[in-house]
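Trainee: Task: produce atomic coordinates for the following.
(chains A and B)
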Amino acid sequence: MTHASQATPLNDEAIFDAMPMEESGQFANHVTPLIRNSWYVCARRDEVCRTPISRRLLDTDVVMYRTQGGQPVAMHNRCPHRAFPLVKGRIEDDRLVCGYHGMEFEPDGLCAHLPAISHVPANACVQTYPVADRGPLTWIWMGDPNLADEALIPKLPWLASPEWGTVTGDFHIKADYVSMHENLIDQTHFPFLHPGTVGTPEYARASMEASTEGDQVAITRRLDNAPPPGIYGKPADIMHKNVDRTSEARFASPAVHTAHAKIFDPQPDAGKPSVYGYYITHCFTPESNHSIHYWWFNSRDYRIDDTDIDDFLRDASTQAYYEDVEALEWIMDVVLSDKEAQQFELSFAPDKPGLMARRIMHRLAMTERG
Amino acid sequence: MPGKYKTAVVLERRELTEHISEITLGLADGSPLPASRAGAHVEIRFGGQDGRFLRHYSLIGPLSPVDDHEAFWRIAVQRENRRRGSDYIHRHFSAGTNVLISPALSPFRLTSDDGPVLLIAGGIGITAILPMLRSCMMRQRDVYMLYVGRRRDAMAYVEEVEALGGDAVTVHDATALGGRPDLDALLAQQPTDTTAYVCGPPALIEGTRQAAQRLGWAPERVRHEIFNAAHKAEDRAVTVQTRSGTQIPVSPGHTLLEALEAAGAETFSDCRRGECGLCITPVRNVDTDIEHRDRFLTPDQKRSNRQIALCCSRPRSGSIELDI
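Mentor: You can find the predicted model right below:
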C-alpha cells in the first residue's frame, strides 16, 4: 500500500497502469519458473550414505553421498568431462570418483586427480549445492549459494523430538508443486475427495480464518462439540464422543506445508489425555515443473510407541494422500493435454487461501529472476 | 503469451448508433474462431500490450439466418458517459488494434428442451439476445421477443432483429410509447412453461423477476445476464480508507476494486461482476448505507453492511473504512 496515492486523482491511465496483468501472471501455476532460493528436502537423511544416490531436483540431476565425517554432499550428477553420471561411479575416502575415466572430485566439487594427465586443470570442477541435515531429513539449496542461510531451513522440531511419534511415507507425483500447495491449503475439497478419512460434513462448514504472515499463509479453524474425523478419532479411541477441535494449515515455504490439529476431550475417560496433538508435515520438492518428490509425516503426542496406531495412521494417511495424488495427476494431465483452453480456471471466495499462497510463490519466482 | 487468452485483432469497426460501435475480432494468427453458443460472452483484455482493462462482451454471431458460420467474433460496445473501458474502446479501437480474448463462456444459455422461449432485451443487452432469437428461429422453437430501448434510432440491430423474428418481435420505443413496457401483461400472455431470458439494465431484470414472481412463475424460469453490474448513473464519488489509514478517492466511474488496485493494495478478484465472492472484504466503518450490487452475499449479510464486494458495490456517498 503506497501512501503517495493519497492526492493522485484517478484517471484511466492511473487505473490502466495499476491493473494486474492477465491472471496467469499474478498467481504461480505449472508454467511459473521454479523457485530456487529456498531450502528443499533432497532425501531422507539415511538415504544419503556411503553409497551415492541421485535424484532429479528442480530440473537438475543431483548426486548425493556422505563423507567419512558424516557431512552430506550434493553435486551435479554429471562429470564435466563427458557427462558421465557420477552416481555410477564410486566413493573413495571423501572423494566421488567418475566411473568413466576416473576423475576424482572432492566434496567441494573440485577435481583432485585426473589419471590420464599429470596435472589437474583448474577448470575441472563440478557444481555443488549447499546441503544440511535436520532431524530425519536432508535439505538442499539449489538457488544463489550466497543466500543459503541454514537458519532458513524450515523448523520442524516435532520430527526429531522424543515426545512425538511419527509415521511417514513418500510418493513421486506427476503434478506440479503449485497445485500441491493449493490442494493442501484448500479445505473445501475434503468432504468430496476424502469422504472416508479427513472430511467430515461439520468441518466443511466450520468458519475459517486466513491470513498471510510474511511469505507464509495460515488458515485456522475451530469446531466445537462435534465427532472427530476418523483419522484423529479412531487411533485415540474417541469416536463415540463429541470433542472440540482446532486446526491450522500453513503454507510454510515453497518446500513445506504443515498442519497442526488439537483435539480437546472435555470429559476424558480414566487414564486418557484431555488433549491430543497432531502435526502433519508435507515436504515436497519439484523434480520439474510437472512432477514432484513428496515426503509426508504424521506425528502425534500420545501413545507414541503403539504400533497398532502407527499402522492405522500410516494406512489412513497413505489412503488420503493417494486420493490427492491421483486427483492432482488427473488435473495435470488435463492442463497439459487440453489445448482448447490452457490454464483456464475460475476462482471463488473459498479459493482465497490457495491464491494467497500462489501469489507469494509467483512473487518469489519473479523476484529471484530479477 | 501463456494463459487462457489469445491475441486477437480488430478486423473492422462500424458505428451502429450514436453511442454503439460494432467491432469484429479475429485471431491474430489468422486461424478461425469457433462458432459460439447463443448467449455466450467473451472476456476481453485491452489497453496496451498487457491488456490491463478487462471487460465482458456478448458474442453476437451472424446477423441473419442465411449467413454461414463466421470465422470471426462480433461484439457491440456502448460508450458510457464516463471515462471507462468502453470509452477507451471508442477512442482507441480501429482495424488493426490488438486485444486479448478468452475462450467463449456461456453461462447464459437456452435450455436444451423445446419449451417456449420469451426473450427480453433492454438496450445494449440485445447483443446477448439477438443470437438467442436467431437460434430459436433456425430451430423453429416457439419464441416471442421484446426489445426495449430509449429511442428507436439508439437501438442497435433493430432492423436485423425485425428481419430475423418477424411477427415474433415487438420493439418497444420508450420515448414514442411514453414509458416502460407492461411486463406483467407480457409474461401473462406466454404459454405455460415458458422460460424467459432477460438481458439488459438491472431495472429490467428486476422488473421481469418481480412480474414473474407475481404471476407465480418458478424462479428458475427467468434467466438473466446482468450488464454493467457495477455502475449506476446516480453513483457519487466516495473515499476508501485502508487499515494503514491511506485515503483513496474513488470517482463515480470507477469501482472500489479498481481504485484499490491503482493504489497498490493487495486485493483478490476473479469475475469482476459480483458473483465469485473473491473480492469480498470486511467493512470496519461506513458513513452511509452500502449499495450492494453483488449476488454473493445473503440479504442478511447485505443488511448488516459488514462486508462489501469491491468489484461492484459502493457506499452511497462519503467514506468507507475497509479491513484491507
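Trainee: Name the helix or strand of chain B that has the lowest mean pLDDT.
Mentor: helix B:85-92 (a mean of 79; mean pLDDT, DSSP states H and E).
Trainee: chain center to that helix, what's the gap?
Mentor: Centroid separation for helix B:85-92 versus its chain: 16 Å, with C-alpha atoms, centre = their mean, to the nearest Å.
Trainee: Which residues does stretch A:278-285 contact?
Mentor: Applying C-beta atoms under 8 Å, 6 or more residues apart in numbering or on different chains, the contact partners of stretch A:278-285 are A:40-42, A:57-58, A:137, A:140, A:156, A:158-159, A:164, A:173, A:177, A:180, A:184, A:232, A:255-263, A:292-301, A:317. Backbone N, C-alpha and C define where each C-beta goes, glycine included.
Trainee: hmm, back to that, which strands and helices sit next to the least confident helix or strand of chain B?
Mentor: Secondary-structure packing of helix B:85-92 (3 or more C-beta pairs under 8 Å, 6 or more residues apart in numbering or on different chains; DSSP states H and E): strand B:20-27, strand B:41-46, strand B:53-58, strand B:73-78.
Trainee: For the ones you listed, give me a markdown table that also has mean pLDDT.
Mentor: Output for the helices and strands packed on helix B:85-92, formatted as a markdown table (pLDDT from 0 to 100):
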| stretch | mean pLDDT |
| --- | --- |
| strand B:20-27 | 96 |
| strand B:41-46 | 87 |
| strand B:53-58 | 83 |
| strand B:73-78 | 94 |
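Trainee: Let me have the ones you listed in TSV, extended by mean neighbour count.
Mentor: TSV is the format used below for the helices and strands packed on helix B:85-92 (neighbours: other C-beta atoms under 10 Å in any protein chain shown):
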stretch	mean neighbour count
strand B:20-27	20
strand B:41-46	22
strand B:53-58	22
strand B:73-78	22
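Trainee: export these to CSV and tack on distance to chain A?
Mentor: Listed next are the helices and strands packed on helix B:85-92 as CSV, based on distance: least, C-beta to the nearest C-beta, whole Å:
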stretch, distance to chain A
strand B:20-27, 14
strand B:41-46, 6
strand B:53-58, 7
strand B:73-78, 15
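Trainee: With distance to residue A:284 as extra columns, can I get the ones you listed in a markdown table?
Mentor: Putting the helices and strands packed on helix B:85-92 into a markdown table (distance: least, C-beta to C-beta, whole Å) gives the following:
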| stretch | distance to residue A:284 |
| --- | --- |
| strand B:20-27 | 38 |
| strand B:41-46 | 33 |
| strand B:53-58 | 33 |
| strand B:73-78 | 42 |
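Trainee: which one of the ones you listed lies closest to residue B:306?
Mentor: strand B:53-58 (27.8 Å; C-beta to C-beta).
Trainee: after the host helix or strand of residue B:163, next one along is what?
Mentor: In this structure, residue B:163 sits in helix B:158-165 according to DSSP states H and E. Using DSSP H and E, the helix or strand that directly follows helix B:158-165 along the chain is strand B:169-173.
Trainee: Buried residues in the next helix or strand after that following strand, which are they?
Mentor: Once strand B:169-173 ends, the next helix or strand along the chain (criterion: DSSP H and E) is helix B:174-177. Under the neighbour-count criterion of 16 or more other C-beta atoms under 10 Å in any protein chain shown, helix B:174-177 has residue B:174 buried.
Trainee: Please name every helix or strand in contact with helix B:174-177.
Mentor: Helices and strands touching helix B:174-177, as assessed by 3+ C-beta pairs under 8 Å, 6+ apart, are absent.
Trainee: circling back: need the contact partners of the least confident helix or strand of chain B.
Mentor: Applying C-beta under 8 Å, 6+ apart, the set of residues contacting helix B:85-92 from outside is A:12, B:21, B:23, B:46-47, B:53-55, B:77-80.
Trainee: so where is chain B shaky, pLDDT-wise?
Mentor: B:1-4, B:48-52, B:67, B:81-84, B:226-228 (pLDDT under 70).
Trainee: Walk me through the domains of it.
Mentor: B:6-101, B:117-226, B:238-322 (automatic domain parsing).
Trainee: Any chance of TSV for those, columns distance to residue A:63?
Mentor: Shown next, in TSV, are the domains of chain B (distance: least, C-beta to C-beta, whole Å):
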stretch	distance to residue A:63
domain B:6-101	42
domain B:117-226	59
domain B:238-322	42
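Trainee: how about the one helix or strand residue A:192 maps to as CSV, C-alpha atoms only?
Mentor: According to DSSP H and E, residue A:192 maps onto helix A:190-193. Listed next in CSV are the C-alpha coordinates belonging to helix A:190-193 (Å, rounded to 0.1, in the frame of the first residue of the first chain):
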residue,chain,number,x,y,z
PHE,A,190,-12.1,-32.6,1.9
PRO,A,191,-15.7,-34.0,2.0
PHE,A,192,-15.6,-34.8,-1.7
LEU,A,193,-12.1,-36.2,-2.3
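Trainee: What mean pLDDT does that helix get?
Mentor: Taken as a whole, helix A:190-193 carries a mean pLDDT of 79.
Trainee: Which elements pack onto it?
Mentor: helix A:201-205, helix A:307-337.
Trainee: buried sites along that helix?
Mentor: Buried positions in helix A:190-193, judged by neighbour count with 16+ other C-beta under 10 Å: A:190-191, A:193.
Trainee: Pick out the residue in the stretch 101-250 of chain B sitting closest to chain A.
Mentor: Ranking the residues of the stretch 101-250 of chain B by distance to chain A (C-beta to the nearest C-beta) places residue B:103 first, at 4.7 Å.
Trainee: that older thread, in the least confident helix or strand of chain B, what counts as buried?
Mentor: Going by 16+ other C-beta under 10 Å, helix B:85-92 has these buried residues: B:85-90.
Trainee: Report the inter-axis angle for it versus strand B:41-46.
Mentor: Interaxial angle of helix B:85-92 relative to strand B:41-46 (axes from the mean of the first three to the mean of the last three C-alpha atoms, to 10 degrees): 60 degrees.
Trainee: List the buried residues of the biggest strand by length in chain A.
Mentor: The longest strand of chain A (DSSP state E) is strand A:275-288. Neighbour-count burial for strand A:275-288, counted by 16+ other C-beta under 10 Å, picks out A:276-288.
Trainee: So which of the buried residues of helix B:85-92 is the closest to chain A?
Mentor: residue B:88 (6.2 Å).
Trainee: can you give me the strands in the stretch 1-150 of chain B?
Mentor: With DSSP state E, counting those that start in this stretch, the ranges of strands along the stretch 1-150 of chain B come out as B:6-15, B:20-27, B:41-46, B:53-58, B:73-78, B:98-101, B:117-122, B:143-149.
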